[in-house]
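Novice: Pasting a predicted model and its sequence here:
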Amino acid sequence: MERKGCENLEPEKKKALNGFLTGIEKRAFTMVRFAVGNTEDALDLMQETMLTFVRLYSSRPEEEWKVLFYRILHSRITDWYRRAAVRKRLQQWFGFAKEDEKENSPEDFVESSQISPADLVENKEFNAALEKALSRLPARQQQTFFLRAWEDMNTKEVALAMKCSEGSVKTHFSRAVHTLRTILEDFSP
């Protein structure tokens, strides 16, 4: 399927772009779904991100794509939080907010040489606990964790994608790992 915005690209570049987006979409979608807590909103944000990426950056060198894609995705997530905060304030002001409504603010992995990753993936209880723990992280920590641990991006790439300093990336990642280790300590050997 040809992606919109690719019409003027060479066939080899189109193929590379489709391969890049196909390879990144599942992990990126998981990251967005955790960030916004809603599948429909996550799908919308992914679509906006991919369209913007193709329109603006498809002609850039392939080695820049990952950082540029995640920079757009990070901006979309940040915009979503801003809009959600405004909506919530308006709902509260007009008296439409639900009493039991909790603020959706996920924030900023558990490494163990004694447990194999395969064992953890098979452990449904662990997966449920990990999902819950990730959703409790502040947004910046959560995004930093996903980019560093799941996308295997280095500190500099994450800083470029999130438009922050490398020191901020290190701080957010360290706090995320510490929080996840604390929450998931029952799963350590």
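Specialist: Now that the structure is in, tell me what you want to look at.
Novice: quick one: pLDDT of Arg60?
Specialist: Arg60 is assigned a predicted lDDT (pLDDT) of 92.
Novice: Could you count how many residues lie near it?
Specialist: Residues lying near Arg60 (other CB atoms under 10 Å) number 11. Backbone N, C-alpha and C define where each C-beta goes, glycine included.
Novice: What of Ile77?
Specialist: 25.
Novice: Excluding residues flanking it in the chain, which one is nearest it?
Specialist: Ala35 (4.9 Å; CB to CB, 6 or more residues apart in numbering).
Novice: surely the one you found meets Arg76?
Specialist: No - the pair Ala35 / Arg76 is not scored as a contact, 9.5 Å apart, by CB atoms under 8 Å.
Novice: neighbour count winner among these two?
Specialist: In this view Ala35 and Arg76 are compared by other CB under 10 Å, and Ala35 has more residues nearby, 29 against 19.
Novice: got the contact list for that one?
Specialist: Counting by CB atoms under 8 Å, 6 or more residues apart in numbering, Ala35 makes contact with Ala42, Ile77, Trp80, Pro106, Ala139, Gln142, Gln143.
Novice: Met31 now?
Specialist: Contact partners of Met31, counting by CB under 8 Å, 6+ apart, are Leu73, Gln142, Gln143, Phe146, Leu147, Trp150.
Novice: Can you list the low-confidence ranges for this structure?
Specialist: 1-7, 86-87, 89-124, 187-189 (pLDDT under 70).
Novice: in this structure, which helix has the most residues?
Specialist: Looking across the chain with DSSP state H, the single longest helix is helix 62-94.
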